[in-house]
Each structure stands twice: as structure tokens, then as C-alpha cells.
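>>> coordinates for the following, if possible.
(chains A and B)
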Amino acid sequence: MTGAIVIIGGGQAAAQAVDTLRKEGYGGRLVLVADEPELPYQRPPLSKKFLSGEMAAERLPFRHLAFYEEHRTELRLGTRALHIDAAARVVGLADGTTLHYDRLLLCLGASSRRLDCPGAELGGVHYLRGVADALALRADIRPGGRAVIIGGGYIGLEVAATCRQLGCEVTVLEMTDRVMNRVVAPSVSDFFARSHRFHGVDILCNARVVRLEGRERVERVHCADGSSHPADLLVVGVGARAASELASEAGLACDNGILVDEYCRTSDPAIFAAGDCTNHPSPRYGRRVRLESVDNAFEQAKAAALNLLDRGVVHDRVPWFWSDQFDNKLLIVGLSQGHDQSVVRGDPESRSFTVCHLKEGELLAVEAINHAKDYMAARKMIAERVHVRADALADPGLPLQQASVRG
Amino acid sequence: MPRIVFIEADGARRELEAPLGISLMEAAKQNAVVGIIALCGGACACATCQVYIDPRWIARLRAPEDMELGMLESAWEPRANSRLSCQVPITADLDGIEVTVPQQQE
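Numbers count the residues shown, from 1 in each chain, chains lettered A, B, ... in the order given. Here you go, the predicted structure:
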């Protein structure tokens, strides 16, 4: 198609869409609008090597400015898109200008869930989503400082590890009975909690925060059980929600994310969406999902870009995820919801083990701790919907793929 | 700055200069070398930045760790001279290294 394509977003999905559109021969006008001032950049290092200072800011962008120039992409960075007039096919921007589009791609990402207890507005209370958040947090981190992390999920635990490595006293307050409750098996939660405690992080479960105390900055965190914890800084990592306001205000169908079909089409035929902001069908899992995943953002943006060019590509991927905490790497492939059996391969004491989740004998998801081979094998096996023998899975001496049942 | 030669899957030679301290993967990405995907951004978590190192150079690289070896085993058509380019930091003595990008990453 010719005409004009406008992309809104500054993350993985937006950057990939530019790449795919031009690679596939799209020759029309291409505009990328992002509310942050940076070139589209990767977010995973923000809680790890960027926060620690090991990775400089110039290493975050996916591509240099020259890439966008060569790919004839007009960048409207630091410019928030305020509204979409779907009938007129116009996007209104915060600088007062408007952009006409023939097709629009929304890569709006996710935004941090906010704390809503008394004291949540105090200074020293941090969220982590963008570069600016990470820089503000880093400026507050001092050796010997007391960091309290609310939420023992990926971000909470990664930030806890980084703060500890930077010399802070760190306390993690997790509301449920175990860390990473929603995404890993109990044995994996247990392994990571022990690793954090070994490194001196205090992890408290069943800890529900009810109030923050302080004059201008947070000084103390109060929990429902009456306990309280002194804090020089606080990081809130209690999950994210799809950043879909722009879409819902434009009248697009939304429900826990922008509703798209397997072709990345929203309820408006000229508007597509990709990445964390979407609620999309997963053919592999037979249900709708909303994923916070680099891999999903990349693959869905590729499919969306092709479909902006009317290629009719179905987005069907097994998502994967990773987390680095101290010297341990968690590698997850697939979605475990709905499993009826879990098998542990190997001994957690060895620091390298794998948990396999099955449903009716089919491999649904794998959590591999410091175990690249199982993870890589599982990526293929889960996509191919192989059935497996639980007794063979449980033998860490056998390669994972040998647990496949050959039909 | 060391000179790095990437040979893309279609045989195209891409010669570029890369600053010390970044990885071969980052040099490839920043210069839009075709075929280096590197989804995880260098965390050794995705195996989509595989390259074949010119055998004359392989001994000069720091040996791969277990995590990288495990990833490479199931990467697309691994060879004895395969590396994940995110795990190879650019150092002064890599000036002139030749690196071939595989036909695909997965």
C-alpha cells in the first residue's frame, strides 16, 4: 500500500514494525510517534545492567538515528499522542499538530500499577517503566541505604538484586505466600527466595502494605500485620496493565488490553496493535492472552507490519521470558496456566534444574533455572505440541527431547 | 576502533568500526547487519544472535560459558565455530575479525 502509516510507541514493537515495513517494500510515508524523548529502546536492562550502571544509556536504543533516516521514518519523539479520531483517521499530538493516517499501528506498551495506600505520593517512591524512572531510582540508591521493594515479581526481585549489589540493605514485601507467584512453580519461587536470602535480601511474604509514613520522603512502610520497615527509598513493582487508554477513548474495543484478532487487527479496520498493550488470541493455547514479553512484542509487531501491507499473517507464537537475579538465570517458555501435572528435573541444590508443566500429557510450559539446554529444547517441543512421558522428563540424565512420545 | 567484518547470509560484506566494550551483537545491531536478531538484547536468553567466527580467530576469544554452550546446541545449524555474538566483547586484538551470519536464527 501507499498512503501513510503512523506508528505510536517507542519500544520493541514499534522499532520492529519500522524495520519490517521497509524491509517488505513499503514505500509510503512512515511516522513514528513516542511520548518519551529517546529513540525506541529496550526496557529489560532498566532493572538490571542499566540500573547498576554497567550499561550506558547509549546502548539501550535498538537502532541509531541513522537507521530511521535510511528507512525514511519521520520521528516525532517526546510527543504524546493525545487522541485518535478514527472516523477522520487523524491522530492529535500534544504539540498541537495532527497526523493523518491511512493505517495506524498502536504499540502502546504497559504501565505500572500504582500504589493507592496513604503516603503513596511521598518522595522516594519509585516505579520502573522507562529510562527516566531508572535514572531517578539510581540517583536515590546509596551504599548502606535502606531499600524497600513492594512486590516480589520479576521487576521487584531484579531491582532487589541490583540494589543489593549496589550495597543497599534490601527488604522485599510480597503480598502472597511466595515470590513470582503468578509465573513460576513453588519450587522455583523457593529457589529464588533462598538465593536472595543468601545474598542478604530480606524477603517477607504475606506482607500487605497499608500505609507509607514520612514527612516529604518515605521513611517507613507499614504492613497490615502491624509490622513496619524503615525505608530510604521504595520501589513499587506490583504488576502492570495495558496502556490502552488512547485506544479505548477512540472507541476501540478493549478488555484487559486492546482487543485484536490473530491478524493484529483492532475493532477498527484501519487500526492495528501489537505488543504488551494487546489482548490477542493464542492459537497454540486456544484462548486470549495479554503478554508482557519482548518476544511477543517482536513477533506480533512483525505480523502486524505484514498485515498493514495486507499479507494475511497469523500471529501464533509460544512466548518466552527470562529474568536475571544475582548469578541465576530463569528461562521460561510457554504458559503454564491450566496444567494438570508438574515434573521437576534435577536437583535445585545443584543450582540447575527444570520444572515441566503438562496438560493431559502435552508439554505446556517449562521453567529452566540455569539450564539453557532444556529451555532451548522446550521451545521446539512446546511449539510442536509434543506429548511427553513424565517418567522420562523426571530423569535429568536424559535429554529433554527424549521424553517425547513418538506417535 | 577495531574493524569488524560481518558477512551476511547472502554473502554481502559489511565492514564496520566498533567501539571497545560493546559486544559483536551490539555492533551488528547498531549497524543493521542483516540476520542478527538478538531479541533478549544480550542476556544470553534467546539464541538469535548466532554467528560463525572465522576459525583463524576463534582461539583468541574468551571461551564460552555453559549457558552459551547450552543455547548454541539447539540453535539453528550450529558449527564448531559458532558463538552467540552477544557473548563476545569487542577488544583491541579482534581488529580485522571476520564473522559470518547464518542463513537464519531459528
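
>>> and the residue of chain B closest to chain A?
Closest approach of chain B to chain A (CB to the nearest CB) occurs at B:Gly70, with a separation of 2.8 Å. The way it works is simple: take the backbone N, C-alpha and C, and place the C-beta from them, glycine included.

>>> return the residues in contact with residue 77.
Let's take chain A. A:10, A:32, A:34, A:36-39 (CB atoms under 8 Å, 6 or more residues apart in numbering or on different chains).

>>> not what I meant, chain B
So B:Glu77 contacts B:102-103 (CB under 8 Å, 6+ apart).

>>> that one: what secondary structure?
coil (DSSP: H, G, I helix; E, B strand; the rest coil).

>>> just the strands in the stretch 251-400 of chain A please.
When assigned using DSSP state E, counting those that start in this stretch, the strands of the stretch 251-400 of chain A occupy the ranges A:258-259, A:271-273, A:278-282, A:287-289, A:320-325, A:328-334, A:341-345, A:353-359, A:362-369.

>>> meant to ask about chain B
B:3-7, B:13-17, B:50-53, B:82-84, B:97-100 (DSSP state E).

>>> got those as TSV, with mean pLDDT columns?
Shown next, in TSV, are the strands of chain B (pLDDT from 0 to 100):
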stretch	mean pLDDT
strand B:3-7	97
strand B:13-17	95
strand B:50-53	98
strand B:82-84	98
strand B:97-100	97
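
>>> dump those into JSON lines; add mean neighbour count and distance to chain A as well.
Listed next are those as JSON lines, based on neighbours: other CB atoms under 10 Å in any protein chain shown; distance: least, CB to the nearest CB, whole Å:
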{"stretch": "strand B:3-7", "mean neighbour count": "18", "distance to chain A": "16"}
{"stretch": "strand B:13-17", "mean neighbour count": "13", "distance to chain A": "12"}
{"stretch": "strand B:50-53", "mean neighbour count": "24", "distance to chain A": "12"}
{"stretch": "strand B:82-84", "mean neighbour count": "24", "distance to chain A": "10"}
{"stretch": "strand B:97-100", "mean neighbour count": "20", "distance to chain A": "19"}
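
>>> if I look at A:Leu104, how far off is chain B?
The gap separating A:Leu104 from chain B is 25 Å, by CB to the nearest CB, to the nearest Å.

>>> next, count neighbours for that residue.
Other residues lying near A:Leu104 total 28 when counted by other CB atoms under 10 Å in any protein chain shown.

>>> quick one: pLDDT of it?
At A:Leu104, the model reports a pLDDT of 98.

>>> what do you get for A:Thr2?
pLDDT at A:Thr2 comes out at 66.

>>> chain B is nearest to which of the strands of the stretch 251-400 of chain A?
strand A:320-325 (3.8 Å).

>>> what helices and strands are in contact with the closest one?
helix A:154-165, helix A:186-198, strand A:328-334 (3 or more CB pairs under 8 Å, 6 or more residues apart in numbering or on different chains; DSSP states H and E).

>>> if we go to 10 Å?
helix A:154-165, helix A:186-198, helix A:294-308, strand A:328-334, strand A:362-369, helix A:372-383 (3 or more CB pairs under 10 Å, 6 or more residues apart in numbering or on different chains; DSSP states H and E).

>>> ok, now which ones touch the closest residue to A:Leu65 other than its chain neighbours?
Leaving aside its sequence neighbours, A:Leu65 sits nearest to A:Leu39 (CB to CB, 6 or more residues apart in numbering or on different chains; 6.4 Å). Contact analysis of A:Leu39 by CB atoms under 10 Å, 6 or more residues apart in numbering or on different chains lists A:10, A:15, A:32, A:58, A:60-65, A:67-68, A:75, A:77.

>>> related to what we said a few turns ago, wait, the residue of chain B closest to chain A touches A:Ala372, no?
Yes. Using CB atoms under 10 Å, B:Gly70 is in contact with A:Ala372, at 2.8 Å.

>>> which parts of chain B sit against chain A?
B:19, B:21-23, B:26, B:29-32, B:34, B:37-48, B:65-75, B:106 (CB under 10 Å from any CB of the partner chain).

>>> go again using 6 Å as the cut-off
B:30, B:32, B:39, B:41, B:43, B:45, B:67, B:70-71, B:73-74 (CB under 6 Å from any CB of the partner chain).

>>> with pLDDT added, can I get these in TSV?
What follows is these, written out as TSV (pLDDT from 0 to 100):
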residue	pLDDT
B:Gln30	85
B:Ala32	87
B:Leu39	93
B:Gly41	93
B:Ala43	94
B:Ala45	95
B:Met67	95
B:Gly70	94
B:Met71	95
B:Glu73	92
B:Ser74	90
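
>>> next, format those residues as CSV and append neighbour count.
Below are those laid out as CSV (neighbours: other CB atoms under 10 Å in any protein chain shown):
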residue, neighbour count
B:Gln30, 20
B:Ala32, 16
B:Leu39, 23
B:Gly41, 24
B:Ala43, 21
B:Ala45, 27
B:Met67, 21
B:Gly70, 23
B:Met71, 26
B:Glu73, 15
B:Ser74, 21
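
>>> identify the residues contacting A:Ala392.
Contact partners of A:Ala392, counting by CB atoms under 6 Å, 6 or more residues apart in numbering or on different chains, are A:398, A:403.

>>> ok, 8 Å please
A:Ala392 sits in contact with A:398, A:402-403, where contact means CB under 8 Å, 6+ apart.

>>> how is chain A carved up into domains?
In terms of domains, chain A is parsed into A:4-111+A:240-308, A:114-236, A:327-403 (source: automatic domain parsing).

>>> chain center to the longest one, what's the gap?
By that I understand domain A:4-111+A:240-308. Centroid displacement of domain A:4-111+A:240-308 relative to its chain, using CA atoms, centre = their mean, to the nearest Å, is 14 Å.

>>> same question for stretch B:25-39.
9 Å.

>>> also stretch B:19-27?
Distance, centroid of stretch B:19-27 to centroid of chain: 10 Å (CA atoms, centre = their mean).

>>> ditto for stretch B:51-60
10 Å.

>>> end to end on that stretch, go ahead and measure it.
15 Å (CA to CA, to the nearest Å).

>>> what comes up buried for it?
B:51-53, B:57 (16 or more other CB atoms under 10 Å in any protein chain shown).

>>> about what we covered before: ok, of the contacts of A:Ala392, which one's closest to B:Val5?
When these are compared for distance to B:Val5 (CB to CB), A:Gln402 wins out at 40.0 Å.

>>> just to be sure, that closest one is in a helix?
Yes. Using three-state DSSP, the assignment for A:Gln402 is a helix.

>>> how near is the residue nearest to it when sequence neighbours are not counted to chain B?
Computed as CB to CB, 6+ apart, the closest residue to A:Gln402 that is not its neighbour in sequence is A:Ala392, at 6.2 Å. The gap separating A:Ala392 from chain B is 18 Å, by CB to the nearest CB.

>>> and the pLDDT at the residue nearest to B:Ala12 when sequence neighbours are not counted?
Spatial nearest neighbour of B:Ala12, chain neighbours left out: B:Val34 (7.6 Å); criterion: CB to CB, 6+ apart. Predicted confidence (pLDDT) for B:Val34: 92.
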